[in-house]
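In: Show me how the following folds:
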Amino acid sequence: MPRERLIKSGLFTGSKPESFRTEGQVRLDLINRGELPTLTRGEPVKVPQPLTRRLIQVQERADQLKKTEPAAPNHVTVTLPRTSVIAFIGDQHIGHKNTDHRRVLAEVEAIKASPDTYAVMLGDSVDGIFWGGESGGEQVANMDEQRQIRQQMFRELKGRVIVGFGGEHDSKWGGKTGADPMGDFTELTDAPYIQGTGEVEINVGEQRYNLLAGHKLRGSSIYNNNHPQFRADREVAGADIIASGHTHRKAVTQQPARRFGHAQLVTHVSVGTYKTQDRYSQREGYPEAKEEQMGGIALRLHADHKEVEVDTSIVGGIRKWLGLK
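Out: Below is the predicted model:
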């Protein structure tokens, strides 16, 4: 039986039979010489694009995306003509069964009725917009009712709000629906809305007060409720007031911070919550919040000299500074 011969494709590089090179050998020779193989099977070899072209393409896409999204500021300037009271409000959690809604109303009414009195909204104004999980069973207002209450509160405070920040309950989880429920904040309050941490320059008469604020600042400590504020002061030096919420741990402190060649008095503000407790805090071992630990904090900024007065009660501070009993 004749032996079958295996026929291979290739090239003769000379006149003698031993000059025959198979297709694989030809490819290997080309690779060793730094040349791309010319014999291909299947998909053609893709030549990588230069780094410059790739990066420019990605940057052009990023620029186009930014044009379609509203740009949120992180630095704003506010001008107030006279000595003013600023109420720092956060973590109201409107709609939860353990929220002190009467306190929310009392503070809003006090701000509206008082001259030269304004608010900084630090987020989590509602408990359950776009928020699922176990908190849903503890709410006494559905999502639509919470949205309407939040909007009405902002309408009534229009002209009295300096700036607003979004928290988890009213902003962060809105991404799950493709919309930020705080997107109408500026329309309702006529004030800027900052995502994340922002720097606010507050000019009161002839004085300038630098505010560094956000719903949540980095850091925590079981020994110091103002630990996030002290940490923020080391990361962004130069603020007169540093304020945040999120932790539900109320505190306000004042102490001079050393700067190069001088010292500067800094006021640290951590607002309390309006919700005494929920299932999450119970399970995590947090004690129920008491009256003294709840609510916002009021500051009085002077126009003729640089001074920040503090009060741990918004309504109490307003009444005190207006000379009311």
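In: check which helix or strand covers residue 243.
Out: Element membership of residue 243 [criterion: DSSP states H and E] is strand 241-244.
In: If you could redo that for residue 263, that was the one I meant.
Out: With DSSP H and E as criterion, residue 263 is part of strand 262-270.
In: centre of the chain versus stretch 207-223, how much separation?
Out: For stretch 207-223, the separation from the chain centroid amounts to 13 Å (computed by C-alpha atoms, centre = their mean, to the nearest Å).
In: pLDDT (mean, whole number) over that stretch?
Out: Averaging pLDDT along stretch 207-223 yields 95.
In: What's the end-to-end length of it?
Out: Stretch 207-223 has its terminal residues 34 Å apart, counting by C-alpha to C-alpha, to the nearest Å.
In: Can you point out the buried residues in it?
Out: Neighbour-count burial for stretch 207-223 flags 207, 209-217, 219 (criterion: 16 or more other C-beta atoms under 10 Å). Bear in mind the C-beta positions are built from the backbone N, C-alpha and C, glycine included.
In: Please apply the same query to stretch 275-292.
Out: For stretch 275-292, by 16+ other C-beta under 10 Å, it's 275-278, 281, 289.
In: Just give me the longest helix of the protein.
Out: Longest helix of the chain, by residue count under DSSP state H: helix 51-68.
In: What's the first helix or strand after that helix?
Out: strand 75-80.
In: Now residue 124, what are its backbone angles?
Out: phi 60, psi 50 (degrees, to the nearest 10).
In: my read: it touches residue 150, true?
Out: No: judged on C-beta atoms under 8 Å, residue 124 makes no contact with residue 150 at a distance of 10.6 Å.
In: These two - which one has more neighbours?
Out: The neighbour comparison of residue 124 against residue 150 (other C-beta atoms under 10 Å) goes to residue 124, with 30 against 22.
In: can you pull the contacts of that one?
Out: Counting by C-beta atoms under 8 Å, 6 or more residues apart in numbering, residue 124 touches 90-93, 167-170, 215, 245-246.
In: For residue 139, see how far away the most centrally placed residue in the chain is.
Out: The centroid of the chain falls nearest to residue 196 when counting by C-alpha atoms, centre = their mean (2.3 Å). Distance, residue 196 to residue 139, using C-beta to C-beta, to the nearest Å: 27 Å.
In: and if you look at residue 231?
Out: As judged by C-beta to C-beta, residue 231 and residue 139 stand 33 Å apart.
In: Among those two, which residue is more densely surrounded?
Out: Counted by other C-beta under 10 Å, residue 231 and residue 139 do not tie: residue 139 has more neighbours, with 21 against 15.
In: Now do that one, the pLDDT please.
Out: Note for residue 139: predicted pLDDT of 84.
In: any idea how far residue 279 is from it?
Out: Separation of residue 139 from residue 279 (C-beta to C-beta): 12 Å.
In: Repeat that for residue 140.
Out: Distance of residue 140 to residue 279, computed by C-beta to C-beta: 14 Å.
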